[in-house]
Every structure is written in structure tokens, then in C-alpha cells.
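# Next come a sequence and a model predicted from it.
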Amino acid sequence: MAQTAILGAGVMGETLLSGLVRAGRRVDNLLVGEKRPERARELEERYGVAVVSNVEAAERADTLALVVKPQDMGDLLAEIAPQLRAGQLVVSLAAGITTAFIEARIPDGVAVVRVMPNTPALVDEGMAAISPGSHCDDSHLAEAEALMASVGRVLRIPERQQDAVTAISGSGPAYIFFVVESMIEAGVHLGLPRATATDLVVQTLVGSAKMLRETGTHPVVLREQVTSPAGTTAAALRELEIHKVRAAFLAAMEAARDRSKALAEGS
Ligand SMILES: NC(=O)C1=CN([C@@H]2O[C@H](COP(=O)(O)OP(=O)(O)OC[C@H]3O[C@@H](n4cnc5c(N)ncnc54)[C@H](OP(=O)(O)O)[C@@H]3O)[C@@H](O)[C@H]2O)C=CC1
Ligand SMILES: O=C(O)[C@@H]1CCC=N1
């Protein structure tokens, strides 16, 4: 069985590792490269996975998932490039980092796939978008797709869309948690016990998400079904419009898209 290495086992690296284990991947076909020794020990104990140096991982693995921060990507590529060889697959999960950035730093013939995942992968409900680099054929893309499909849905997209995808689904869970947090606080202001407000908001979120996915109905239609004439929802939505929440979401996601572009330039 082919060896897969995960280099950088923080939040997203562990999310991928745990998903592969849940999906039935044997741990002796997995390797981890992680800079912090205490974190390496934690992962060895939790998953029984071998934590090795990045250099050893690059020698032994057929597929390498790079899950370090964008700012650490240059150093990591410089460290592993001498070990990389044609036929291997490098899958980068880093925001902003382009396939061209990676290809310029590794030997020719190593295939590169860029992925933008998100943290719901931790509960097998991830959304990942993947794009091929210039030396990538369909088998490489299929390999990256299979890797990410172990923790959720996967879409193939052109690389020029990756910064926008990062702004929408990569960072997206944070916006949703922000909305949840804001609604819970509002519930507390309205006099509800915090535990009650939390139960109400979380179940409302799960139920609404399930309606969107299972009915396939447009969100505008679903919103109109809740909005009775001169009712409570209309009163609330008018306030959201007065406070320009829709415009704020657009500005927020433009900022995330622009930050993703800037990360590629090393800032
Ligand atoms: N978190 C998220 O929701 C998402 C993250 N991503 C992307 O995933 C990548 C990782 O993010 P995240 O997991 O949140 O970040 P973390 O900081 O949690 O994880 C990165 C890990 O890599 C380690 N590391 C740094 N340099 C090396 C190296 N040379 N070799 C091995 N390990 C190294 C870091 O150690 P140390 O802390 O000591 O530097 C840290 O443990 C980023 O590029 C991010 O853009 C993409 C989508 C969503
Ligand atoms: O905030 C970030 O930069 C990373 C990328 C997408 C989600 N988290």
C-alpha cells in the first residue's frame, strides 16, 4: 500500500490524519512530520502513527500532504526538495500558496495538487476544493480527491478560483461559529439561560443546514417560508438590513480573498 505523509500536524493536519484513520487507512501506511516534539509524542500516542523527520517522510512517502502555515511553506519545501523525485505527489492544503510557488521549489516531475479544506472534516463533513498543478494528470487528481473524500465532499475547481474558495468554505466555518456565538449572546440578553440559548441555536443551525441540503430549495425560498407578513422574522430581518449585515458579509469575504492572494506573495 502506498505511503502517505502528513507534514505539519496542527489543527488541519490532525484533522486529515484522524479522518484517514477513521476511513480505515492502516496507520503503518501513514507517516507524520511535525516540528514540535511534544505534539509529535501526542500524535504517536493518540493514533499509533510513526512521526519521522520531514526528510525521512519525503524519502518514504508516495504522497505528501503539506499542512504547515503558508509562511512556513518556503522553509519546508527547501528542506524536503532534495529528497523529492518524479512520480511522487505533493498535496498542499495551505491557504494562498499556488502550485507555481511549490513547483518552482521542487524537482520537475513531482506532481502538485492544491487543496482548500475546512475544519468540519473533523466530523467527516468537510468541504474541499482541489486544483491540479502543471505536471498533474488525472490519476494524481484522483489520488488527492480520494485523500480528501475520506473526510467529506470534494470539488474539482480551476486554481484561479482558490482564493475565493478559501474566503467562502475554507474560512467559512469561522463565520458560522461567529453567527452562532452572536445568536447565543442575544438569547442571553433576552433573558434565556445560556445553556438553553445554546441548545436552541445549535439545533436551529443543524436543522436549517439539513433543510438546505436535503430539500435543495433556494435559501431565499426557505427564508420566505419563515417570514410571516408583519411578523417577528420580518422585524428581525429589517434590523439586519439596516445594520448592513449582507454588505458586511461581502466585505468580509473580499478581505479573506485578498488576504489569501497576499499570502502567496509572502506577506
Ligand atoms: N485551520 C483551518 O481551518 C484551515 C487551515 N488551512 C491551512 O492548513 C495549514 C495549517 O493550518 P493549521 O493546521 O490551522 O495551523 P497549525 O499552526 O495548527 O499547524 C501547523 C503545524 O505545522 C507545524 N510546522 C511548522 N513548520 C513545520 C515544518 N517545517 N515541519 C513540520 N511541521 C511544521 C507547526 O508547528 P509550530 O506551531 O511550532 O510552527 C504546527 O504544529 C495552513 O497553511 C492553513 O492555511 C486550510 C484550511 C482551513
Ligand atoms: O485563516 C486561515 O488563514 C486559514 C485558511 C482558511 C481557514 N483558516
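On my side now, so go ahead. Numbering: from 1, shown residues only. Ligands and ions are numbered 1, 2, ... in the order given.

# Up against ligand 1, what does this structure have?
The chain has residues 7-8, 10-13, 33-36, 39, 54, 67-70, 72, 75-76, 93-95, 116-119, 170 near ligand 1, with proximity defined as CB under 6 Å from any ligand atom. Where C-beta positions appear, they are placed from N, C-alpha and C, glycine not excepted.

# Quick one, which of those residues are buried?
7-8, 12-13, 33-34, 39, 54, 67-68, 70, 76, 93-95, 116-119, 170 (16 or more other CB atoms under 10 Å).

# Cross-check those against ligand 2 and keep the overlap.
95, 170.

# ok, and does the helix or strand hosting residue 251 reach over to ligand 2?
Counting by DSSP states H and E, the secondary-structure element that holds residue 251 is helix 245-264. No: when contact is scored as CB under 6 Å from any ligand atom, no part of helix 245-264 falls within range of ligand 2; the minimum is 7.0 Å.

# just use 841 as the starting number from now, easier for me
Fine by me, first position is 841 from now on; the one you just mentioned is helix 1085-1104.

# From the contact counts, what lies against that helix?
Judged by 3 or more CB pairs under 8 Å, 6 or more residues apart in numbering; DSSP states H and E, helix 1085-1104 is in contact with helix 1002-1005.

# Contacts only, for the residue lying closest to residue 853 once chain neighbours are set aside.
Spatially, and ignoring its direct neighbours in sequence, residue 853 is nearest to residue 907 (3.8 Å; CB to CB, 6 or more residues apart in numbering). The contact partners of residue 907, taken as CB atoms under 8 Å, 6 or more residues apart in numbering, are 846, 847, 848, 849, 850, 852, 853, 856, 933, 934.

# Of these, which belong to strands?
With strands identified by DSSP state E, the entries of these that belong to them are 846, 847.

# Which of the contacts of residue 907 sits closest to ligand 1?
Taking CB to the nearest ligand atom as the measure, residue 850 is the one of these closest to ligand 1, at 1.8 Å.

# what sits against the closest one?
Taking CB under 8 Å, 6+ apart as the definition of contact, the neighbours of residue 850 are 879, 907, 908, 909.
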